[in-house]
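Participant: quick one, structure for this:
(2 chains)
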Protein chains: 2
Amino acid sequence: MSILVVGSVAFDSLKTPFGEREKILGGSATYFSLAASFFTQVRVVAVVGEDFTAENERVLTLHGVDTTGLERAAGKTFHWGGEYGDNLNEAKTKFTDLNVFENFAPKIPPQYEDTQFLFLANIQPELQLDVRHKMPNVKLVGGDTMNLWINIKRAELEKTLSKVDILLINDTEAKMLAGDSSLPRAARKVLEFGPKALVVKHGEYGATIFFRDGSSPFRAPALPIEEVHDPTGAGDSFAGGFMGCIASNGELTPQTLKRAMFYGGVMGSFAVENFGTERLQKLTREEIDERFQVFRSLTHLD
Amino acid sequence: MSILVVGSVAFDSLKTPFGEREKILGGSATYFSLAASFFTQVRVVAVVGEDFTAENERVLTLHGVDTTGLERAAGKTFHWGGEYGDNLNEAKTKFTDLNVFENFAPKIPPQYEDTQFLFLANIQPELQLDVRHKMPNVKLVGGDTMNLWINIKRAELEKTLSKVDILLINDTEAKMLAGDSSLPRAARKVLEFGPKALVVKHGEYGATIFFRDGSSPFRAPALPIEEVHDPTGAGDSFAGGFMGCIASNGELTPQTLKRAMFYGGVMGSFAVENFGTERLQKLTREEIDERFQVFRSLTHLD
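Facilitator: Below is the predicted model of the structure:
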């Protein structure tokens, strides 16, 4: 079944201990779309500027992503500049040129209206809620957010969270959102805002899914043997693998969710192996399933 | 088969967000012995002072720990004072009164000489090496260390590491020891010092075992639903469960090592549920195996 992602399609200029890149394709919706495209039909709603090339768009369409909802506006594409130090866990933002993204008003093309799965990537909570309202018949809604919105748009974010089924954030965001430094307690508090499930991403330590109904949590690993060249997009790629796997299964069983957690980790681990979307662009489904087995043997007793 | 642990038996005075305790039983050898006692016969070599009571010793002997090697010296027992803040990951040391521990010269009782497994808990590297030399016929040697020795006794520590089969340390120590901020690279460098395997403990994120021969690493979870009341002794309890499980199996198969990683995580998760050794003292083997199953379902796809 198809999945619609609403988020950013952007250019990134970044530096890591392994090198640097100028104005490469990035953005939450880009990483999500590419990662999810290995599992299911992906549709994207985002805005780009006049500097966004046909070649940039082809990265998505070559993976079967439906870009009907990729709006072209007058001006420049959202451009983020950042640098990662030695530990690669935190980016130092050098500049954030919102450009056309500043006035982004998501429009859902009519042919997207039958989409059954929706992912609200990290954009302003009001826009997320607006899109959610425009897609009343979706079967399942996933969402992401960030520290900025937790700090400056708390009320709006809480409204959005009440309309999200599965929230995917990292440890710091979960603790900040809950105002609690204990992860298990923070998870319980976040789930009180509405989501049925919360996926907390632990970076190199994997991710844990917590459930509102009190079911046992489940933890997926990350790969400890990788060389992280550029961590940008790891979380969005996790979300793409996770939601893509769920959408491709259709039915939301505990078994599907566990496999989705593994596929999320797998896609995140590939994303960071090279700069930007370079690794995801060259990836094959065979490599994905091989790594799924590596993740299994990394954690399974037999 | 039996295991000998050499380390500290101490008093701890500590404060956490959940309360405080004065001069309670602690020390690396204490936590290790209690945790390992659920799996195998434990023998201990350590030094205590005149303030160490028969009641203190009974905590060990009630769990079948052989305390023949518990030397009583003139003076006071090693006493550590510390405080944990909200995140509970790092202790702020308030005082370290080494007392009788300052001149600790480990003596191996003759009846310990047939011990087949040895664990060198966190003490001065020269003392660890001395004990290692006194036990030439052991089948397997586990060891621990800390940032202090990495900083001030580097050469001595490297000598000791060349005589240790499995080193158990945390992320920070592994990265410091290797001088590398990437965990997978740090693991490879640490293994070049000699150990066949390196267990890196990730606190609330579990632990990973890396192998010198290039075998795939294995990751054991920690329990994300616990309330951490006092993290003191978590690492030593992990080591006790891990080494105890190995000693009880005798043969060192990959399957034994994986189960040992799980039992390490299980014992660490119990240790932190209450202050000091309180939880370990009341623990049953049934509870341990129940939690082993919880850990399995937390991470296993089916």
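Participant: how about stretch A:268-275 and chain B, any contact?
Facilitator: No. Using C-beta under 8 Å from any C-beta of the partner chain, stretch A:268-275 never reaches chain B; the gap is at least 11.7 Å. The way it works is simple: take the backbone N, C-alpha and C, and place the C-beta from them, glycine included.
Participant: which outside residues touch that stretch?
Facilitator: Contact partners of stretch A:268-275, identified using C-beta atoms under 8 Å, 6 or more residues apart in numbering or on different chains, comprise A:14, A:16, A:18-19, A:21, A:24, A:31, A:35, A:201, A:222-223, A:226-231, A:233-238, A:241, A:277, A:279-280, A:283, A:287-288, A:291.
Participant: buried ones among these?
Facilitator: Those of the contacts of stretch A:268-275 that meet the buried threshold are A:14, A:16, A:21, A:24, A:31, A:35, A:201, A:222-223, A:226, A:228-231, A:233-238, A:241, A:277, A:279-280, A:283, A:288, A:291, by 16 or more other C-beta atoms under 10 Å in any protein chain shown.
Participant: give me the residue from the stretch 151-300 of chain A nearest chain B.
Facilitator: Chain B sits closest to residue A:205 of the stretch 151-300 of chain A, with a gap of 3.7 Å, by C-beta to the nearest C-beta.
Participant: how close does that residue get to residue B:197?
Facilitator: 20 Å (C-beta to C-beta, to the nearest Å).
Participant: what's the longest helix in chain A?
Facilitator: Ranked by residue count and defined by DSSP state H, the top helix of chain A is helix A:254-271.
Participant: which strands or helices does whichever helix or strand comes after that one pack on?
Facilitator: Note on helix A:254-271: by DSSP states H and E, the next helix or strand toward the C-terminus is helix A:278-282. Here helix A:278-282 touches helix A:28-36, helix A:254-271, going by 3 or more C-beta pairs under 8 Å, 6 or more residues apart in numbering or on different chains; DSSP states H and E.
Participant: highest mean neighbour count out of the ones you listed?
Facilitator: For the helices and strands packed on helix A:278-282, average neighbour numbers computed from mean count of other C-beta atoms under 10 Å in any protein chain shown are highest in helix A:28-36, which has a mean of 31.
Participant: for that helix, packing partners?
Facilitator: Against helix A:28-36 (3+ C-beta pairs under 8 Å, 6+ apart) you get strand A:3-6, strand A:42-48, helix A:54-61, helix A:234-249, helix A:254-271, helix A:278-282.
Participant: quick one: contacts of it?
Facilitator: For helix A:28-36, the external contacting residues (C-beta under 8 Å, 6+ apart) are A:3, A:5-10, A:42, A:44-46, A:59-60, A:63, A:65, A:119, A:121-123, A:144, A:233, A:236-241, A:243-244, A:247, A:267, A:271, A:277, A:280-281.
Participant: so which residues of the stretch 101-250 of chain A form helices?
Facilitator: Shown for the stretch 101-250 of chain A, the helices assigned by DSSP state H, counting those that start in this stretch span residues A:125-134, A:147-152, A:154-161, A:171-178, A:183-191, A:234-249.
Participant: mind putting those helices in a markdown table, mean pLDDT and distance to residue A:69 included?
Facilitator: Formatted as a markdown table, the helices of the stretch 101-250 of chain A follow (pLDDT from 0 to 100; distance: least, C-beta to C-beta, whole Å):
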| stretch | mean pLDDT | distance to residue A:69 |
| --- | --- | --- |
| helix A:125-134 | 97 | 10 |
| helix A:147-152 | 94 | 22 |
| helix A:154-161 | 97 | 20 |
| helix A:171-178 | 95 | 27 |
| helix A:183-191 | 94 | 29 |
| helix A:234-249 | 97 | 16 |
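Participant: please identify the deepest-packed of the ones you listed.
Facilitator: When these are scored by mean count of other C-beta under 10 Å, the highest mean neighbour count falls to helix A:234-249 (a mean of 28).
Participant: how about that one and chain B, touching?
Facilitator: No. With C-beta under 8 Å from any C-beta as the criterion, chain B is not reached by helix A:234-249; the gap is at least 12.3 Å.
Participant: what's the distance between residue A:56 and residue A:270?
Facilitator: Residue A:56 is 20 Å from residue A:270, by C-beta to C-beta.
Participant: equivalent analysis for residue A:40, please.
Facilitator: For residue A:40, the distance to residue A:270 - C-beta to C-beta - is 17 Å.
Participant: ditto for residue A:288
Facilitator: As judged by C-beta to C-beta, residue A:288 and residue A:270 stand 8 Å apart.
Participant: residue A:72 too?
Facilitator: Distance from residue A:72 to residue A:270, counting by C-beta to C-beta: 29 Å.
Participant: so what's the residue count around the residue nearest to residue A:227 when sequence neighbours are not counted?
Facilitator: Once flanking residues are discounted, residue A:227 sits nearest to residue A:273: 6.9 Å by C-beta to C-beta, 6 or more residues apart in numbering or on different chains. Applying other C-beta atoms under 10 Å in any protein chain shown, we find 17 residues neighbouring residue A:273.
Participant: same question, residue A:110
Facilitator: Number of residues near residue A:110 (other C-beta under 10 Å) recorded here: 7.
Participant: same thing with the one 3 residues further on?
Facilitator: Residue neighbour count, defined by other C-beta under 10 Å, stands at 13 for residue A:113.
Participant: in this structure residue A:223 contacts residue A:292, no?
Facilitator: No. Counting by C-beta atoms under 8 Å, residue A:223 stays clear of residue A:292, with 11.0 Å between them.
Participant: ok, whatever residue of the stretch 1-150 of chain A ends up closest to chain B - contacts?
Facilitator: Closest approach between the stretch 1-150 of chain A and chain B, counting by C-beta to the nearest C-beta: residue A:86, at 4.5 Å. By C-beta under 8 Å, 6+ apart, the residues touching residue A:86 are A:17, B:181.
Participant: look up how far residue A:17 lies from it.
Facilitator: If you go by C-beta to C-beta, the gap between residue A:86 and residue A:17 works out to 6 Å.
Participant: hang on, the earlier thing: okay if I get the helices and strands packed on helix A:278-282 as JSON lines plus mean pLDDT?
Facilitator: Below are those laid out as JSON lines (pLDDT from 0 to 100):
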{"stretch": "helix A:28-36", "mean pLDDT": "98"}
{"stretch": "helix A:254-271", "mean pLDDT": "96"}
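Participant: could you provide those in JSON lines, with additional columns for distance to residue A:102?
Facilitator: JSON lines is the format used below for those (distance: least, C-beta to C-beta, whole Å):
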{"stretch": "helix A:28-36", "distance to residue A:102": "16"}
{"stretch": "helix A:254-271", "distance to residue A:102": "27"}
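Participant: closest to residue A:163 out of the ones you listed?
Facilitator: helix A:28-36 (18.6 Å; C-beta to C-beta).
Participant: and the angle from the closest one to helix A:54-61?
Facilitator: Calculated by axes from the mean of the first three to the mean of the last three C-alpha atoms, to 10 degrees, helix A:28-36 forms an angle of 50 degrees with helix A:54-61.
Participant: phi, psi for the closest residue to residue A:269 other than its chain neighbours please.
Facilitator: Counting by C-beta to C-beta, 6+ apart, residue A:223 is the residue found nearest to residue A:269 once chain neighbours are left out, at 4.2 Å. Dihedral pair for residue A:223: phi -90, psi 120, per degrees, to the nearest 10.
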